[in-house]
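> need a 3D model of the following:
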Amino acid sequence: MKKSKNKRVIPGFGLSFGITITMLGLIVIIPLCSLVIFSAKLSPSEFIQTITRPRVLSSYAVSFFTAFAAAAIDAVMGMIIAWVLVRYDFPGKAIMDGIIELPFALPTAVAGIALTHLTTTEGWVGAFFQKFGIKIAYTRLGIIVALVFIGIPFVVRAVQPVLEKIDIQYEEAANILGANSRQTMFRVILPEILPSLIAGFTMSFARGLGEYGSVVFIAGNTPYETEIAPLMIMSKLQEFDYASATSIALVMLAAAFVILFINAWLQSRASKIVSGIA
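Okay, here's the model as predicted:
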């Protein structure tokens with residue numbers, strides 16, 4: 001009796017692989033190659049001079065500092081939000097769960113305008129903190145606030161499914177063996193969610209580096225203070241200096257590749273530690 005062949009729902013490997021390569025080429029590879037092509041119009045010395053100008057270096061520093069700070073806040077607060085959504089039942093839970101994804105659907109420019117109005121000295125939030133001498137809008141703190149808003153869904157949605165799969169019996173066993181709440185958290189739960197937490201942090205960090213719409217309104221765009229790298233790119237494009245714009249963008253692209261590579265390595269390392277392989 002002949003064994004029946006497994007029916008494939010999607011086309012065979014050759015066709016599906018060809019479609020994959022075509023889509024990646026059109027959507028990812030070709031646009032990225034265009035950055036290299038435009039940047040190649042500059043000589044190596046001109047390229048180095050363009051990406052190392054003091055104002056450009058300052059914009060890199062602002063982007064990296066604010067994106068990292070926002071991602072760190074997202075990692076902590078996103079884990080807490082995911083924990084509440086998974087472990088507790090309360091009225092309006094479904095609504096809160098849906099609101100988490102609002103930054104994905106809301107135009108970033110709308111988010112930037114709304115946050116700016118709230119955090120200026122005349123806004124509800126800004127007026128309150130102004131009493132303590134803290135200025136939010138048009139400072140780096142304002143940029144961090146905008147990036148936290150944009151990036152927190154990445155952490156929540158990365159950690160939430162993992163928390164849902166953790167068997168509560170592990171925690172009960174830890175309690176029976178005499179572990180307190182802190183020990184249970186750091187020795188039982190945190191190792192399980194660490195790879196997903198790293199993934200959420202990295203995605204939030206990478207998104208923050210390239211964010212423009214929600215930041216440009218609240219930043220104030222003061223050179224050497226609150227001017228971000230994406231704004232420098234837009235400024236060069238408005239001046240029709242495409243070579244300089246793509247050169248700066250190429251640096252940000254390289255940084256994104258490094259971040260994603262480190263993310264993959266850290267997740268792999270954390271997964272091996274959790275499984276006992278390393």
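
> could you give the average pLDDT over stretch 147-155?
Mean pLDDT, computed over stretch 147-155, is 93.

> hmm, who's touching that stretch?
66-67, 69-71, 73-75, 77-79, 81-82, 100-104, 108, 111, 115, 197, 200-201, 203-205, 207-208, 211, 214-215 (C-beta atoms under 8 Å, 6 or more residues apart in numbering). Placement of C-beta: from N, CA and C, glycine included.

> please enumerate the helices of the stretch 101-250 of the chain.
When secondary structure is read from DSSP state H, counting those that start in this stretch, the stretch 101-250 of the chain shows helices at 102-105, 108-119, 124-130, 140-165, 168-176, 181-184, 190-210, 213-219, 229-238, 242-275.

> how far away is residue 110 from residue 214?
Computed as C-beta to C-beta, to the nearest Å, the residue 110 to residue 214 distance reads 9 Å.

> and those two? Which one has more around it.
The neighbour comparison of residue 110 against residue 214 (other C-beta atoms under 10 Å) goes to residue 214, with 27 against 12.

> now do the contacts for the more buried one.
By C-beta under 8 Å, 6+ apart, the contact list for residue 214 reads 108-109, 111-112, 115, 146-147, 149-150.

> for these, which one is nearest residue 130?
Distance to residue 130 across the contacts of residue 214 (C-beta to C-beta) is lowest for residue 115, with 15.7 Å.

> burial count for the closest one?
Counted with other C-beta under 10 Å, residue 115 comes out at 25.

> quick one: pLDDT of it?
Looking at residue 115, its pLDDT reads 91.

> how about it, what does it touch?
Residue 115 makes contacts with 142, 145-146, 149, 214, 217-218, as judged by C-beta under 8 Å, 6+ apart.

> apply 6 Å and report the result again.
Applying C-beta atoms under 6 Å, 6 or more residues apart in numbering to residue 115 gives the contacts 146, 218.

> now do residue 138
By C-beta under 6 Å, 6+ apart, the contact set of residue 138 is residue 220.

> now do 8 Å
If a contact means C-beta under 8 Å, 6+ apart, then residue 138 has 120, 218-220, 222, 226 as its contacts.

> just the buried residues of these.
With burial judged by 16 or more other C-beta atoms under 10 Å, the buried subset of the contacts of residue 138 is 120, 218-220, 226.

> can you pull up the most central residue in this protein?
Central residue of the chain (C-alpha atoms, centre = their mean): residue 204, 1.6 Å from the mean position.

> my guess is that residue meets residue 68, correct?
No: at 9.7 Å, residue 204 does not count as touching residue 68 under the criterion of C-beta atoms under 8 Å.

> how close does residue 128 get to residue 170?
Counting by C-beta to C-beta - residue 128 and residue 170 are separated by 42 Å.
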